[in-house]
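*Asks:* Generate coordinates for the sequence data below:
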Amino acid sequence: MEQSGSAWRGWASAKVHVCVELSYFAFMTVDKTPTTLPASENSGGCEPMPNPALNQKLKPSKKLAEIIGSSEPVSRPEAVKRLWDYFKKNNRQNPENRREILADERLRPLFGKDKISMFEVGRIVNSNLERGSETNPARKRAA
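*Replies:* Here you go, the predicted structure:
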């Protein structure tokens, strides 16, 4: 069943506002023209909510600290970023399948195998970060 052209034109010309969570409030119309508005004007409850779990500083294991270059506590995103920096600096991605990370002598103890999928990087980082003194062993998840 075909839609009438006038109905679609009327719908497309309507101004639809979408909230994008950035450092400021950005509203975009259907024609992709961005317009910024102050937070007090029609914010629609789209204030970005901080996620304390992502910003929490965690102590890396000795194996992970050797790769990222520091034993100081880091956030999860920072640890993943530093790990990817190591992969790219040392050309560790498989040239035939860029989704695979090939282990070298330093990565093999961390990975536990010769190659991993890029989707396993987050799991490896999470299993090698610990809270430190307040770690509750009963709450620790198995990787």
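
*Asks:* helix, strand or coil for the closest residue to Asn90 other than its chain neighbours?
*Replies:* Distances taken as C-beta to C-beta, 6 or more residues apart in numbering put Asp104 closest to Asn90, at 6.6 Å, once the chain neighbours are dropped. Bear in mind the C-beta positions are built from the backbone N, C-alpha and C, glycine included. Three-state assignment for Asp104 (DSSP: H, G, I helix; E, B strand; the rest coil): coil.

*Asks:* from what I can see Asp104 touches Arg92, true?
*Replies:* Yes. Between Asp104 and Arg92 there is a contact under C-beta atoms under 8 Å: 6.7 Å.

*Asks:* More neighbours: which of the two?
*Replies:* More crowded of Asp104 and Arg92, by other C-beta atoms under 10 Å: Arg92, with 18 against 14.

*Asks:* which ones are touching the more buried one?
*Replies:* Residues near Arg92 by C-beta atoms under 8 Å, 6 or more residues apart in numbering: Tyr86, Ile101, Leu102, Ala103, Asp104, Leu107.

*Asks:* Excluding chain neighbours, give the residue nearest to the first one in space.
*Replies:* So the one you mean is Tyr86. Spatially, and ignoring its direct neighbours in sequence, Tyr86 is nearest to Ile67 (5.4 Å; C-beta to C-beta, 6+ apart).

*Asks:* ok, the one you found - how many residues close by?
*Replies:* Quick note: Ile67 (other C-beta under 10 Å) scores 21 neighbours.

*Asks:* No more questions from me, cheers.
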